[in-house]
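Peer 1: For reference, the sequence and a predicted model appear below.
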Amino acid sequence: MHDYQRPPTLYRYGVREDLELALSQGQFILVPASNCLTLSFSQVWDAKLFEQFNADACLIIHNTEEFGERIHRAVQRTLPSWAGIDGAVEYGQRAALGAAFTKTAAEAHEQEWQFAWRAMQANLSLNPVAIRVGNLENFAELRARDTYLA
């Protein structure tokens, strides 16, 4: 059994407007991937990720335990017949957590931490779903791309 201890800090690179909604209202969009709905973060602050995700800002989560519990509770309310898990993405080999947590070795620089939910019934649709977890300002911050410190 693996220990899936959340990292101390999570980073979400994106468009400032979207990340401001995430910070003030806790709004996130779960997107379909590998028969799951997923929400991905990076475990690193990396200038290259701003470029890769065409981002002008980064949401930095400092209390990942509180954040993770809020995310899972919000999805449980929105999608009660879905089961969720979060963990590190593995690169270049099949992840113990399955296909949703498996990416190519070429993507390893992303160092992802992913939240994923799978339908407990066969015919539930895989469309993007918006969730809200509440204001995050007491343990998260938004940083502009130009505040990046190598």
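Peer 2: Now that the structure is in, tell me what you want to look at.
Peer 1: For residue 68, give me its contacts.
Peer 2: Applying Cβ atoms under 8 Å, 6 or more residues apart in numbering to residue 68 gives the contacts 6, 86, 115. From N, CA and C alone the C-beta is placed, and that goes for glycine too.
Peer 1: Kindly state the pLDDT recorded for it?
Peer 2: With respect to pLDDT, residue 68 scores 97.
Peer 1: repeat for residue 17
Peer 2: At residue 17, pLDDT is 96.
Peer 1: What separation do you get for it and residue 137?
Peer 2: Look at residue 17 and residue 137: by Cβ to Cβ, to the nearest Å, they are 17 Å apart.
Peer 1: swap in residue 13?
Peer 2: Counting by Cβ to Cβ, the gap from residue 13 to residue 137 is 19 Å.
Peer 1: Of the two, which one has the most company?
Peer 2: Using other Cβ atoms under 10 Å as the criterion, residue 13 and residue 137 rank with residue 13 on top: 24 against 11.
Peer 1: what sits against the more buried one?
Peer 2: For residue 13, the contacting residues are 42, 49-50, 52-53, 55, 57-58, by Cβ under 8 Å, 6+ apart.
Peer 1: Give me the subset of those that lies in helices.
Peer 2: 49-50, 52 (DSSP state H).
Peer 1: what helix or strand does the residue nearest in space to the middle of the chain sit in?
Peer 2: The chain has residue 40 as the residue nearest its centroid, 2.6 Å off, counting by Cα atoms, centre = their mean. Assessed by DSSP states H and E, residue 40 sits inside strand 36-42.
Peer 1: do the same with residue 12
Peer 2: strand 10-14.
Peer 1: Give me the buried positions along the helix or strand that comes right after that strand.
Peer 2: Next along the chain after strand 10-14, taking DSSP H and E as the criterion, comes helix 16-25. Within helix 16-25, the residues scored as buried using 16 or more other Cβ atoms under 10 Å are 16, 18-19, 21-23.
Peer 1: all helices for this structure, in order.
Peer 2: Assigned by DSSP H, the chain shows helices spanning 16-25, 47-52, 64-78.
Peer 1: list the helices and strands the shortest one packs on?
Peer 2: Other elements packing on helix 47-52 under the criterion 3 or more Cβ pairs under 8 Å, 6 or more residues apart in numbering; DSSP states H and E are strand 10-14.
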